[in-house]
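**Q** Show me how the following folds:
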Amino acid sequence: SSHSASISHHGLLLPGKRQLIRIASSMSMLRRAAQASARVSIRNSSTAVVTSSQETFSQKAWRWLDITGYLTKWHSRRAWILDLDPPSRAATVMMTEYERKLLLWLTWMNFFFLPISVWYWYGQFTHLASKPPVPLFPEMQYLNGRKRDFSHVGGRWNDCKECRWLEFECKKICFDRLREEGREVWGLRRPRSQTFGFH
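**A** Presented below is the predicted three-dimensional model:
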């Protein structure tokens, strides 16, 4: 029939009229879809481009405040997604806008409190260098029973090799003795707990 596929004299299977009409209509539909998508992309592209000579002081200030892209990612979910790695991009379909902005806010808060945390950590760490006043015990047979010296932490001339690494009271006595001998020693002249921070 005229609607079925016809065979040419070379033996090839050729489409009939109905198939030709379907192909032509699908091609025209594809052409119309491509034209519509082109119009939509032209309509959605932003034309609000301001050069550096035309922008106001406020625009320039906001542009420099956004040098890390944080403000752009805060206001644009698309920019935030494009900054992620592919597995995280796929996982963002399960994340609400509240969770996204909460994550950005917590990240900024973490960076804000990091130096404060280091400040307090260092202030508390200096307390390890001090302890309440205690009487110095006399050397008895049951005290100070060291089996070896500590020359590897004894200083320049290994003069304080009887003192362990963090035994500051012993080192203070040793350094005072060296100063009385006329040898300049810089260590332990000030209380190690009085550095900075809220003590």
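
**Q** which strands and helices sit next to the strand or helix carrying Ala79?
**A** Assigned by DSSP states H and E, Ala79 belongs to helix 77-82. If you count contacts as 3 or more C-beta pairs under 8 Å, 6 or more residues apart in numbering; DSSP states H and E, helix 77-82 packs onto helix 70-75, helix 97-125. Every residue, glycine included, has its C-beta placed from N, CA and C.

**Q** tell me what the longest one is packed against?
**A** Under the contact definition 3+ C-beta pairs under 8 Å, 6+ apart, helix 97-125 sits against helix 70-75, helix 77-82.

**Q** sorry, back to before: how about JSON lines for the helices and strands packed on helix 77-82, with mean neighbour count and distance to Arg89 added?
**A** As requested, the helices and strands packed on helix 77-82 are exported to JSON lines (neighbours: other C-beta atoms under 10 Å; distance: least, C-beta to C-beta, whole Å):
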{"stretch": "helix 70-75", "mean neighbour count": "15", "distance to Arg89": "13"}
{"stretch": "helix 97-125", "mean neighbour count": "11", "distance to Arg89": "12"}
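
**Q** In CSV, list the ones you listed along with distance to Gln35 and mean pLDDT.
**A** Formatted as CSV, the helices and strands packed on helix 77-82 follow (distance: least, C-beta to C-beta, whole Å; pLDDT from 0 to 100):
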stretch, distance to Gln35, mean pLDDT
helix 70-75, 32, 92
helix 97-125, 34, 91
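
**Q** Now render the ones you listed as CSV, adding distance to Gln141.
**A** Shown next, in CSV, are the helices and strands packed on helix 77-82 (distance: least, C-beta to C-beta, whole Å):
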stretch, distance to Gln141
helix 70-75, 67
helix 97-125, 36
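
**Q** Just the local confidence number for Ala24, please.
**A** At Ala24, the pLDDT value in this model is 62.

**Q** Turn the helices and strands packed on helix 97-125 into a markdown table, columns for distance to Gln54.
**A** Shown next, in a markdown table, are those (distance: least, C-beta to C-beta, whole Å):
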| stretch | distance to Gln54 |
| --- | --- |
| helix 70-75 | 20 |
| helix 77-82 | 23 |
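
**Q** Of those helices, which is nearest Arg164?
**A** With C-beta to C-beta as the criterion, Arg164 lies closest to helix 70-75 of the helices and strands packed on helix 97-125, at 48.9 Å.

**Q** Would you map the strands across this protein?
**A** 6-7, 13-14 (DSSP state E).
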